[in-house]
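Participant: Build me a structure from this.
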Amino acid sequence: MQSNKNNENIVWHSGKVSEEDRQRVLGQKGKVLWFTGLSGSGKSTIAVEVEKMLNEQGKAVYLLDGDNIRCGINSDLGFSDEDRNENIRRIAEIAALFRDAGMIVLVSFISPFRKMRQFARERAGEGNFVEIYVNTDFETCMERDPKGLYKKNIANFTGKDSSYEAPENPEIVLDTVKYSAEECAGQVIDYIFNS
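Facilitator: Sure thing, here's the model as predicted:
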């Protein structure tokens with residue numbers, strides 16, 4: 001049972017439909033696939049491909065992209081370390097709800113800090129979280145620069161003047177220099193169905 005750490009009078013209410021009931025209706029187990037890497041590494045591009053492939057296989061899947069979330073629910077947050085942590089805390093909670101609903105949720109966020117990715121893993125629950133490190137070097141990300149961010153003088157830019165803590169033990173490591181987005185997406189699909 002969960003409770004609100006700020007107010008002991010607020011307690012999680014369970015309904016009459018269990019996680020297993022939702023999985024049975026959807027014919028799948030909910031999972032969180034968490035894509036992390038520098039801006040321009042290919043996270044969103046690969047996640048879009050994975051979403052398409054899973055949908056074509058009849059899976060209930062939804063993509064939560066960092067920029068899209070910052071246009072709405074996290075539009076009040078900046079890019080200080082505190083705001084970045086709150087950004088990931090919120091999305092980890094949302095991803096956990098999607099997973100509990102039986103969805104395969106793809107999360108594409110830089111998520112620069114290990115402790116917040118660990119928080120997301122814990123919220124998803126044991127065996128329900130796949131950390132996917134899109135391991136693209138800084139120089140390649142700078143060359144790609146799909147949003148033109150590296151050319152701008154942005155304060156607290158991850159990888160430049162704000163740190164990025166690479167995953168230590170991700171389930172999947174993708175190399176977007178050697179492999180295309182489609183090939184990387186195929187590696188993710190293979191992992192999901194063969195592990």
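Participant: The helix or strand of the chain with the lowest mean pLDDT: what's the following helix or strand?
Facilitator: Using mean pLDDT, DSSP states H and E, strand 3-4 stands out as the lowest-scoring helix or strand of the chain, at a mean of 60. Once strand 3-4 ends, the next helix or strand along the chain (criterion: DSSP states H and E) is strand 7-11.
Participant: what's the burial count for residue 44?
Facilitator: Neighbours of residue 44 under the rule other C-beta atoms under 10 Å: 23. (Glycine included, C-beta is placed from N, CA and C.)
Participant: For it, which non-adjacent residue is spatially closest?
Facilitator: In space, and not counting its chain neighbours, residue 44 is closest to residue 108: 4.7 Å by C-beta to C-beta, 6 or more residues apart in numbering.
Participant: residue contacts, the one you found?
Facilitator: Contact analysis of residue 108 by C-beta atoms under 8 Å, 6 or more residues apart in numbering lists 35, 43-44, 47, 63-66.
Participant: Recalculate using a threshold of 10 Å.
Facilitator: By C-beta atoms under 10 Å, 6 or more residues apart in numbering, the contact set of residue 108 is 33-37, 42-48, 50-51, 63-69, 91, 132, 134.
Participant: now the residues you listed: which count as buried?
Facilitator: Neighbour-count burial within the contacts of residue 108 applies to 33-37, 42-48, 50-51, 63-66, 69, 91, 132, 134; the criterion is 16 or more other C-beta atoms under 10 Å.
Participant: picking that back up, narrow the contacts of residue 108 to those in strands?
Facilitator: Under the assignment DSSP state E, the contacts of residue 108 contribute 33-36, 63-65, 132, 134 to strands.
Participant: any idea how far residue 26 is from residue 101?
Facilitator: Distance of residue 101 to residue 26, computed by C-beta to C-beta, to the nearest Å: 8 Å.
Participant: Name the residues contacting each of those two.
Facilitator: Shared contacts of residue 101 and residue 26, defined by C-beta under 10 Å, 6+ apart, comprise residue 60.
Participant: where do the strands sit along this protein?
Facilitator: 3-4, 7-11, 31-36, 61-65, 104-108, 129-134, 172-174.
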